[in-house]
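Trainee: Give me a 3D structure for the following:
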Amino acid sequence: MNPGDVGPLQSSFVRAFGAVLIAALGIASCAGGSSNATTGGDVPSWLSPAAGSGSGGSSNYISHVVVVIQENRSFDDLFATFPGADGASEGLEKLASGDQYVSLQEVDLASPCDWGHSWRTYLKDWDKGKMDEFNLEGGGVKCPGKAGTAVYQYVNPSEIGPYWTLAQQYVLADHMFQTQGSGSFTAHQDLIRGGTTIDESQTESLVDFPSHHPWGCDSPPGTVTTLLISHPPKALKREFDKGPFPCTEDFPSSGGYYETLRDLLDANSVSWTYYSPPVMGGTGGLWNAFDAISAVRYGPEWKTNIHNTNDLFSDISGGKLANVSWVVPDDVNSDHPGDGKDLGPSWVASVVNAIGESSYWNSTAIIVVWDDWGGFYDNVSPPFKDQWGGLGFRVPMIVVSPYAREGSSGPGLVEHEQYEFGSILKFIENIWGLGQLGTTDTRAASIIDCFDFTQQPRQFQEIGSSYTRAFFEHQKPSYLPVDSE
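Mentor: Numbers count the residues shown, from 1 in each chain. I've put the predicted structure just below:
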């Protein structure tokens, strides 16, 4: 956090009473009008919004969290030039003659190349903290050979206007790191669990992606995973395609050792929904993190808690938004490079607008986050290395809420606190007093510093975009996988 971004009284409240406040946040079973029950005593009166603000003068603190998951972009790729952020105008590339700086080039959001972003690519890009080998990545079938300077880029801000508008009005976190230096399969697991260790001793972690898709219990027979084996103080060892079938019932000692946030939510009667795009043969079979959780995939919650992405709009309109939601876009609405798409910013805007213009606004925190760096250059080296392959590279995170903190001169704040995906989980755990999973949520700093509950809830202002909510509500599913890496 940058103390200069808040006034002295506000800063004192946030820092000194943050823990008290978050313990006091409770559960509201419906949007807009319910007073929040608390687990640690009533919210102190001097921390409550002014009487009459919001619906019915009720406390209207956070009782809904919506995690919107976009794809494969580093922080610098989207926000290198954002005012006040830790961005860059150039980066290091490794050549035979030695390292040299190359200027970041402005590009379109639509990109033909899907750059490497596996565990090995992460190690190469990172290069023991020098961050100078991004140019040595490969680009896959569409872009054979080395990446060269192509990954040293930033997207033209005019092409991602909704993201910049959200960042200018709410909170942009410029030090959010992936839990692990890996691709989308493990990243989506980290966003429901905070880690991918599969054994009691926590020395074996899933990494990269399964050998076949769909990923999870619906994978074809014979599908295997790749593991990172930790034997401190020795270096991590990658065992390619030697891990178990990607379904928790096949994980060694999985009972109790691969709990997800779903277990804590269910135990505390807090509702949740995972929205993912349909694929041929079922609901989000490829791109639903809970497809790897056998208790969900083979239990009643696969029908009650797993919804198609577009159901989010009708659930908001119909008053059916769960307390906690994860939302994954259809392939054509993803920021994933390689398919020449540019609908992602408008899709995110449509989700934010749907919530902002509903009765849920005053009780909701929307967290927009990108799952991995997608092979694009980033200038900030991960702050530490752990025994599970993390931290990974920076990805953008935007926190949208009527209680989003403001800067000293008004709406819009760049938060410099160090976060990881476990920070999102800790925030959710603390709101409802769920306890902890005991993964990276234990060490992570909660994103509570992105909020100021001393301020009256802001009035929502529509986020402008090239495509409207109606466009996405009537959009037919592509039935394409969001990613395969």
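
Trainee: Assign the closest residue to Asn305 other than its chain neighbours to helix, strand or coil.
Mentor: By the measure of Cβ to Cβ, 6 or more residues apart in numbering, the closest residue to Asn305 outside its immediate chain neighbours is Thr273, 5.5 Å from it. (Each C-beta comes from the backbone N, C-alpha and C, glycine too.) Classification of Thr273 using DSSP: H, G, I helix; E, B strand; the rest coil returns strand.

Trainee: partner residues bridging Thr273?
Mentor: Each beta-bridge partner of Thr273 is listed here, defined by DSSP bridges: Ser325.

Trainee: ok, now how distant is it from Ile316?
Mentor: Thr273 is 11 Å from Ile316, where distance means Cβ to Cβ, to the nearest Å.

Trainee: one step back: Thr226 versus the residue nearest to Asn305, what's the distance?
Mentor: 30 Å.

Trainee: do the same with Ser408
Mentor: The span separating Ser408 from Thr226 equals 47 Å under the rule Cβ to Cβ.

Trainee: Looking at these two, which has the bigger crowd around it?
Mentor: Each of Ser408 and Thr226 has its neighbours counted (other Cβ atoms under 10 Å); Thr226 has more, 22 against 11.

Trainee: tell me the contacts of the more buried one?
Mentor: Residues in contact with Thr226 (Cβ atoms under 8 Å, 6 or more residues apart in numbering) are Trp119, Leu206, Val207, Asp208, Phe209, Arg238, Glu239, Phe240, Asp241, Lys242, Gly243.

Trainee: State the three-state secondary structure for it.
Mentor: Thr226 carries the three-state label strand when classified by three-state DSSP.

Trainee: which residues does the nearest residue to it once chain neighbours are set aside contact?
Mentor: Nearest residue to Thr226 in three dimensions, chain neighbours excluded: Asp208, at 4.7 Å (Cβ to Cβ, 6+ apart). Asp208 sits next to Ser118, Trp119, Ser182, Gly183, Phe185, Thr186, Thr226 when contact means Cβ under 8 Å, 6+ apart.

Trainee: in the stretch 201-350 of the chain, which spans are strands?
Mentor: Counting by DSSP state E, counting those that start in this stretch, the stretch 201-350 of the chain has strands at residues 204-207, 225-229, 237-243, 272-276, 306-308, 324-327.

Trainee: between these, which one is nearest to Asn156?
Mentor: Checking these against Asn156 by Cβ to Cβ gives strand 324-327 as the closest, at 25.5 Å.

Trainee: three-state assignment of Leu92?
Mentor: Under three-state DSSP, the three-state class of Leu92 is strand.

Trainee: middle-most residue in this structure, spatially?
Mentor: For the chain, Val369 is the residue whose C-alpha lies nearest the centre (Cα atoms, centre = their mean; 3.4 Å).

Trainee: Which stretches in the stretch 351-485 of the chain count as helices?
Mentor: Counting by DSSP state H, counting those that start in this stretch, the segments of the stretch 351-485 of the chain that form helices are 421-432, 469-473.

Trainee: Tell me which two of the contacts of Asp208 sit farthest apart.
Mentor: Farthest-apart pair in the contacts of Asp208 is Trp119 and Phe185; separation 11.3 Å (Cβ to Cβ).

Trainee: Compare the two (neighbour count), which wins?
Mentor: Using other Cβ under 10 Å as the criterion, Trp119 and Phe185 rank with Phe185 on top: 29 against 21.

Trainee: And that one, which helix or strand is it part of?
Mentor: Following DSSP states H and E, one finds Phe185 within helix 184-193.

Trainee: Show the low-confidence segments of the protein, by residue range.
Mentor: Counting by pLDDT under 70, the chain has low-confidence residues at 1-60, 233, 253-256, 280-286, 483-485.

Trainee: do that again at 50, thanks
Mentor: 1-60 (pLDDT under 50).

Trainee: which ones are touching Arg297?
Mentor: Under the criterion of Cβ under 8 Å, 6+ apart, the contact list for Arg297 reads Gly216, Cys217, Asp218, Cys247, Phe290, Asp291.

Trainee: coming back round to it: how about the helix holding Phe185: buried residues?
Mentor: By 16 or more other Cβ atoms under 10 Å, the buried positions in helix 184-193 come out as Ser184, Phe185, Thr186, Ala187, His188, Gln189, Asp190, Leu191, Ile192, Arg193.

Trainee: Columns distance to Lys426 on top of those residues, output as JSON lines?
Mentor: What follows is the buried residues of helix 184-193, written out as JSON lines (distance: Cβ to Cβ, whole Å):
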{"residue": "Ser184", "distance to Lys426": "22"}
{"residue": "Phe185", "distance to Lys426": "23"}
{"residue": "Thr186", "distance to Lys426": "19"}
{"residue": "Ala187", "distance to Lys426": "17"}
{"residue": "His188", "distance to Lys426": "18"}
{"residue": "Gln189", "distance to Lys426": "17"}
{"residue": "Asp190", "distance to Lys426": "13"}
{"residue": "Leu191", "distance to Lys426": "13"}
{"residue": "Ile192", "distance to Lys426": "14"}
{"residue": "Arg193", "distance to Lys426": "12"}
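
Trainee: what ranges do the helices span in the stretch 201-350 of the chain?
Mentor: With DSSP H, counting those that start in this stretch as the definition, the stretch 201-350 of the chain shows helices at residue ranges 261-267, 294-297, 301-304, 311-317, 344-356.

Trainee: now the strands of the stretch 201-350 of the chain as TSV including distance to Lys146?
Mentor: Formatted as TSV, the strands of the stretch 201-350 of the chain follow (distance: least, Cβ to Cβ, whole Å):
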stretch	distance to Lys146
strand 204-207	23
strand 225-229	23
strand 237-243	22
strand 272-276	34
strand 306-308	39
strand 324-327	35
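
Trainee: ranking those by burial, who's on top?
Mentor: Among the strands of the stretch 201-350 of the chain, judged by mean count of other Cβ atoms under 10 Å, the one packed with the most neighbours on average is strand 204-207 (a mean of 26).

Trainee: Fine, thanks again, bye for now.
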